[in-house]
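Chemist: next comes the sequence, and after it the predicted model I'd like to discuss.
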Amino acid sequence: MSRFTLPRDIYYGEHALEELKNLQGKKAMIVLGGGSMRRFGFLDKVISYLEEAGMQIQLFENVEPDPSVETVMKGAEAMRAFEPDWIVSIGGGSPIDAAKAMWAFYEHPETTFEDLITPFNFPKLRTKAKFCAIPSTSGTATEVTAFSVITDYEKGIKYPLADFEITPDIAIVDPALAETMPKHLVAYTGMDALTHAIEAYVSTLHTVFTDPLAIKAIQIVNTDLLKSYDGDMDCRAQMHYGQCLAGMAFSNALLGIVHSMAHKTGAVFSTGHITHGLANAMYLPYVIRYNSQNAEAAERYAQIAGAIGITGTQEECISGLCARIREMNDYMGIPKTLQEFGVREGEFKEKLSAIAEAAVSDACTGSNPRSIDPATMEKLFTCIYYGKEVDF
């Protein structure tokens, strides 16, 4: 038996934010990031709508990019003091991911972070609060997923938390919020959405329910991302919906080693943080080449290529798909290799073994269509560092 889980309600389109007026409750904790939602006036709207619904409001602000274990614990403590019956998170993937983890510790103070690292091991939620997610970026799709990514900066590792308990009750996908994204964020989040959809389509856990969502998301990204990057707001709206479709797909089909690798390299190099979407965009063509040695995966990559108008033999379709991804990356200034990104060769070699080991043990590796061991992962990372052909 399989399972397919989405939020109870998804409100989308122009003025979707107004649905907050209809939430029923007494107290709402609003979790948000560094200030863009306040600057652009969206926070004021959220507060106004929730107050119109008769709620008392408290804010938890300044969730950092790639939220930390420490931030999650502080937020949970604030929730326990305020006792909200709604948690409303607005912004990019970081505040929403953080709020999901806070929710678990708010409802179950005895739970440890180590308990939650095990996939699908969360305690029962919704005993104290429900959750509403409002994304401002078009990539993570955390508003419709069973996932949260939290970073342990002491260990330099991102942990993907996974459980259908943290799938939000309500998602509000209002394209007005996405209009405020700077170009680099459009690029990184858009390629994150593409990676979600492609990995979901070739995942060992893909289903008849997830496949159409993944393919439609891929088609939207192919058609609209570069125009969105150049400022076309109609395409920006389509990307906001497309990334949500990708999220519905991967939340149920899971992901693969592009994400395993991105999780374990984002915070590990001293030359600077590798933004998650940028890492996914850089790694994706190499992983497609690696996975294509698996016959079923090769066939499904060829199907993806066909869905965006690439024709020819299976090999020509796979090559064309990789070329299209690199074309988009080049257009948006995304580097081809870790060396080009700026990671120093000595540090890369020093940390390679540990990174490879951690990536293989990542929760996303299990649903990758081709198995991999640490030694092979080292070879794959080496290809990505130097820009070598993946032929193994």
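Modeler: Thanks, I have it.
Chemist: report the buried residues of the helix or strand in which residue 346 is found.
Modeler: Using DSSP states H and E, residue 346 sits within helix 345-360. Of all the residues in helix 345-360, those buried under the rule 16 or more other C-beta atoms under 10 Å are 348, 351, 352, 355, 356, 358, 359, 360. To be clear about C-beta, it is placed using only N, CA and C from the backbone, and glycine gets the same treatment.
Chemist: same thing with stretch 76-89?
Modeler: Neighbour count says stretch 76-89 has 76, 78, 79, 84, 85, 86, 87, 88, 89 buried, by 16+ other C-beta under 10 Å.
Chemist: now do stretch 104-123
Modeler: 104, 105, 106, 107, 108, 111, 113, 116, 117, 119, 122.
Chemist: just the closest of these to residue 6, please.
Modeler: Nearest to residue 6 among the buried residues of stretch 104-123, counting by C-beta to C-beta, is residue 122 at 17.3 Å.
Chemist: pretty sure that closest one contacts residue 163?
Modeler: Yes - the criterion here is C-beta atoms under 8 Å, and residue 122 meets it with residue 163 at 3.7 Å.
Chemist: overlap of the contact sets of the two?
Modeler: Residues touching both residue 122 and residue 163 (C-beta atoms under 8 Å, 6 or more residues apart in numbering) are residue 116.
Chemist: among the buried residues of stretch 104-123, which ones are in helices?
Modeler: Among the buried residues of stretch 104-123, the members found in helices (DSSP state H) are 104, 105, 106, 107, 113, 116, 117.
Chemist: make JSON lines from those residues and add pLDDT and distance to residue 31 to it.
Modeler: Shown next, in JSON lines, are these (pLDDT from 0 to 100; distance: C-beta to C-beta, whole Å):
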{"residue": "104", "pLDDT": "95", "distance to residue 31": "13"}
{"residue": "105", "pLDDT": "95", "distance to residue 31": "13"}
{"residue": "106", "pLDDT": "97", "distance to residue 31": "11"}
{"residue": "107", "pLDDT": "97", "distance to residue 31": "15"}
{"residue": "113", "pLDDT": "84", "distance to residue 31": "18"}
{"residue": "116", "pLDDT": "89", "distance to residue 31": "17"}
{"residue": "117", "pLDDT": "85", "distance to residue 31": "21"}
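Chemist: how about a markdown table for these, with distance to residue 22 added?
Modeler: A markdown table is the format used below for those (distance: C-beta to C-beta, whole Å):
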| residue | distance to residue 22 |
| --- | --- |
| 104 | 26 |
| 105 | 28 |
| 106 | 23 |
| 107 | 24 |
| 113 | 34 |
| 116 | 31 |
| 117 | 36 |
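Chemist: tell me where the stretch 1-150 of the chain has helices.
Modeler: Taking DSSP state H, counting those that start in this stretch as the test, the helices found in the stretch 1-150 of the chain are 36-39, 42-52, 69-82, 93-107, 113-117.
Chemist: list the buried ones in the second one?
Modeler: Judged by neighbour count using 16+ other C-beta under 10 Å, the buried positions of helix 42-52 are 42, 43, 45, 46, 47, 49, 50.
Chemist: from residue 90, how far off is the fourth one?
Modeler: The span separating residue 46 from residue 90 equals 6 Å under the rule C-beta to C-beta, to the nearest Å.
Chemist: now the third one
Modeler: Here the distance between residue 45 and residue 90 works out to 10 Å (C-beta to C-beta).
Chemist: now do the last one
Modeler: As judged by C-beta to C-beta, residue 50 and residue 90 stand 11 Å apart.
Chemist: circling back to that earlier point, any chance of the helices of the stretch 1-150 of the chain in TSV, with distance to residue 374 too?
Modeler: Below are the helices of the stretch 1-150 of the chain laid out as TSV (distance: least, C-beta to C-beta, whole Å):
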stretch	distance to residue 374
helix 36-39	39
helix 42-52	44
helix 69-82	25
helix 93-107	27
helix 113-117	19
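Chemist: of all the ones you listed, which one is nearest residue 180?
Modeler: Across those, closest to residue 180 is helix 36-39 (C-beta to C-beta), at 6.5 Å.
Chemist: which positions in that closest one come out as buried?
Modeler: 36, 37, 38.
Chemist: so which of those is the closest to residue 195?
Modeler: Looking across those and measuring by C-beta to C-beta, the closest to residue 195 is residue 36, at 23.7 Å.
Chemist: which residues sit in contact with the closest residue to the closest one other than its chain neighbours?
Modeler: Distances taken as C-beta to C-beta, 6 or more residues apart in numbering place residue 180 nearest to residue 36, at 6.5 Å, with adjacent residues excluded. Contact analysis of residue 180 by C-beta under 8 Å, 6+ apart lists 36, 40, 136.
Chemist: SS state for residue 180?
Modeler: Here residue 180 takes the coil state, with states given by DSSP: H, G, I helix; E, B strand; the rest coil.
Chemist: just checking, which helix or strand of this structure averages the lowest pLDDT?
Modeler: Least confident element among the helices and strands of the chain, by mean pLDDT, DSSP states H and E: strand 157-162 (a mean of 80).
Chemist: flag every buried residue along stretch 282-294.
Modeler: 282, 283, 284, 285, 286, 287, 288, 289, 290, 291, 292, 294.
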